[in-house]
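got a predicted model here, sequence first, then my questions.
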Amino acid sequence: MAIDQGNQQDTHLYIEGAEGLRSEEMVLNMGPQHPSTHGVLRLVLTLDGETVVHCTPVIGYLHRGIEKILENRPYMGGIRYMDNSDYLSPMLNETAYVGAVEQLMGLEPPRRAQYIRLMTNEMQRIASHMVAIGTYLLDLGAMTPILYCFRDREGILDLFEALGGSRFNVNYMRIGGVLHDFPPGWLHRLEQWCRTFDQSLKELEDLVTGNEIFEARTQGVGYIDPQQAIAYGLTGPNLRGSGINFDLRVDRPYMAYREVSVNPAVRQEGDAFARFRVRLDECYESLRLIRVAMDTLPGGPISTRTPIALRPPRGETYFAVESSKGEQGIYLISDGSEYPYRAKIRGPSFVNLQILPELLRGHKMGDVVAILGSIDLVLGEVDR
Amino acid sequence: MDIVSRAAQPGGASAKLPLAFQPDHIAELTRALHSLDGLVGHPVLMGGGVVGIEVDRAKLVQFCRVLRDELGFEMLSSVSGVDMRDHLETVYHIRSLAHNWLLQIKVKLMPGNPQVDSLVGIWPAANWLERETYDLFGIIFTGHPDLRRILLDDEFEGYPLLKSFHPTPMTVHDRATTQVTPEEALSGEAQRGVERVVSKRLGQGTLERLHPGTPTFGHAHYPEQPGVPEDEGVD
């Protein structure tokens, strides 16, 4: 976690005569405790006046060694630790983990469980995007939208609480299915929430679209070239904001996404505004998917009979889901015992953050927050 | 690039479809890999539509350049290290967006000399991914522009994801007693009522350290051989 010293030039402290005066670059430390870094990210910025010359992200403040922990827990016990990876979308992380184990075992969860997973995943995606949109607007000085966003997210967390027992670290997915079926009246409450969210999402959009200050601060800022986005391994809304229509729900459909068609939101502009719009449009799409899943929810069991002490056959597998931030992949190796031999978490935020120095170069200091927020990081998953 | 303007495809597969992905794509990819004569071994189909291939360490960069330029693998998704106890491995997952392929490349490293060529020159995304692998496994990526620790402290000793690394520090027993001599403490006498550092075996085979002053009741015992590092065996 050291700062590289490459840009600090040897400067003379005292020079005779005014003609010898020259401007020099300044190093500004931003974070790790900073409200706009959405966690404990530290940016070491080299500034030339107001212009960012160089940026070095310093990460690792939240490293908990989740991959090592997973190696020392049984397969069922590891699900709970996936919650803490990307703590804004635990359902999606759990789906990636249990999907990897199921793929290793050749296990197909029941159809009802797959649809429940789809519904909870899309709810989680909305919840995550609500945080991303709300905090992004708050970073740019708009105070009101975060109240709208968190109000709507609250409804989702309440529904999760009724479903799995807790709001954040739900621990709801199981290998071979899900933990509980819906409690009585849950679907009715979800329908009600969908109705209110439909209106409040339009409300939120009205607050934002056409706002000249917001557009001036985000349009044309932080442009990512499509080829550059691919080369840096960006996935999720950041990639689709650059005009690349790549979505694992469509391109490598898993679970119930093989039966439900998804229309990913794509924008061609590639700037911060486009990435923001992609997230907003994805909320509409997720809402539609929740309703489709509710209409076609099949009956039957919610879980296959799996032993508590799972022993998947020897082998390795890679399984990825489309998380709210991008490709959430799990590379899993089993040696035939109850514990994973190796569980690698390929987190989208970690890979997406790499492009930040490229984006910030040449921008003004005031745009740093506008660009950083548009990438939508979660530091729990960057540091793992 | 046709993927830019591609419309969303309707997913219409039946529920009985296994988790493996469309077989046509896989056959196409294995044909393409076979056309690269002499570069690689035999491609293996893994679960979930992933094709796995093992590449010789010396040919990795050359092979990856061919993959990117001729087969269209333009995105590096992940780099993982694996500790196979007698040697280390690096595993790369590479995507081709236009063909919707996912390829897994495995490289075995020499025992005792974990070095492999860096892929930063081919995919810029490899930068942090390789740094992370270096940080957690100690694998040296030669040619990497900025190979230093990324998640852990610079002062951190050891590479935590190696199997030889213990997840919790071994309990220090020479600080165990304040009131009695070490010999008495080690012999198991005169321990009751004395502040001490005790270690307790948890269910997962890890040792939990209790600090001096922590009230301990009943069954908190020393391990059989204090001071000797135990095997990290799993209960």
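Okay, I see it. If you're wondering where the values come from, they're calculated on a predicted model, not measured in any experiment.

excluding chain neighbours, what is closest to the closest residue to chain B within chain A?
The nearest approach of chain A to chain B comes at A:Gly233, 3.3 Å away (Cβ to the nearest Cβ). From N, CA and C alone the C-beta is placed, and that goes for glycine too. Closest residue to A:Gly233 apart from its sequence neighbours, by Cβ to Cβ, 6 or more residues apart in numbering or on different chains: B:Ala125 at 3.3 Å.

let me know whether A:Pro298 touches A:Ile116 as I believe.
No: if you go by Cβ atoms under 8 Å, A:Pro298 and A:Ile116 don't touch, sitting 10.0 Å apart.

more crowded one of these two?
Using other Cβ atoms under 10 Å in any protein chain shown as the criterion, A:Pro298 and A:Ile116 rank with A:Ile116 on top: 26 against 14.

show me where chain B has its strands.
In chain B, the segments counted as strands under DSSP state E are B:44-45, B:51-55, B:75-83, B:88-96, B:101-108, B:115-117, B:140-142, B:198-201, B:207-210.

with mean pLDDT as new columns, can those strands be given to me in CSV?
Output for these, formatted as CSV (pLDDT from 0 to 100):
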stretch, mean pLDDT
strand B:44-45, 74
strand B:51-55, 83
strand B:75-83, 91
strand B:88-96, 91
strand B:101-108, 88
strand B:115-117, 90
strand B:140-142, 91
strand B:198-201, 43
strand B:207-210, 47
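
where do the strands sit along the stretch 1-150 of chain A?
With strands called from DSSP state E, counting those that start in this stretch, the stretch 1-150 of chain A shows them at A:26-30, A:42-48, A:51-58.

could those strands be laid out in JSON lines, adding distance to chain B, mean neighbour count and mean pLDDT?
Below are the strands of the stretch 1-150 of chain A laid out as JSON lines (distance: least, Cβ to the nearest Cβ, whole Å; neighbours: other Cβ atoms under 10 Å in any protein chain shown; pLDDT from 0 to 100):
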{"stretch": "strand A:26-30", "distance to chain B": "17", "mean neighbour count": "14", "mean pLDDT": "85"}
{"stretch": "strand A:42-48", "distance to chain B": "12", "mean neighbour count": "18", "mean pLDDT": "87"}
{"stretch": "strand A:51-58", "distance to chain B": "9", "mean neighbour count": "19", "mean pLDDT": "88"}
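
would you turn the ones you listed into CSV with distance to A:Gly176?
Below are the strands of the stretch 1-150 of chain A laid out as CSV (distance: least, Cβ to Cβ, whole Å):
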stretch, distance to A:Gly176
strand A:26-30, 45
strand A:42-48, 41
strand A:51-58, 39
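
where does the prediction get shaky in the chain?
Picking chain A for this. The model of chain A has pLDDT under 70 over residues A:1-22.

I was thinking of chain B, sorry if that wasn't clear
Scanning chain B with the threshold set as pLDDT under 70 gives B:1-26, B:35-41, B:167-235.

mind running it again at 90?
Judged by pLDDT under 90, chain B has its weakly predicted residues at B:1-74, B:84-87, B:95-106, B:108, B:110-115, B:121, B:138, B:143-235.

for it, which residue gets nearest to chain A?
B:Ala125 (3.3 Å).

contacting residues for that residue?
A:Ala231, A:Tyr232, A:Gly233, A:Val351, A:Gln354, B:Met75, B:Leu76 (Cβ atoms under 8 Å, 6 or more residues apart in numbering or on different chains).

hang on, the residue of chain A closest to chain B in a helix?
No: with DSSP: H, G, I helix; E, B strand; the rest coil as the criterion, A:Gly233 is assigned coil and is not in a helix.

residues near it, how many?
29.

before we move on, the earlier item: for B:Gly143, see how far away the residue nearest to A:Gly233 is.
16 Å (Cβ to Cβ, to the nearest Å).

which parts of the stretch 251-384 of chain A are helices?
A:272-295, A:348-353, A:356-360, A:367-375, A:379-383 (DSSP state H, counting those that start in this stretch).

in CSV: the ones you listed, plus mean neighbour count and distance to B:Gln104.
CSV is the format used below for the helices of the stretch 251-384 of chain A (neighbours: other Cβ atoms under 10 Å in any protein chain shown; distance: least, Cβ to Cβ, whole Å):
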stretch, mean neighbour count, distance to B:Gln104
helix A:272-295, 21, 29
helix A:348-353, 27, 17
helix A:356-360, 19, 28
helix A:367-375, 24, 27
helix A:379-383, 25, 22
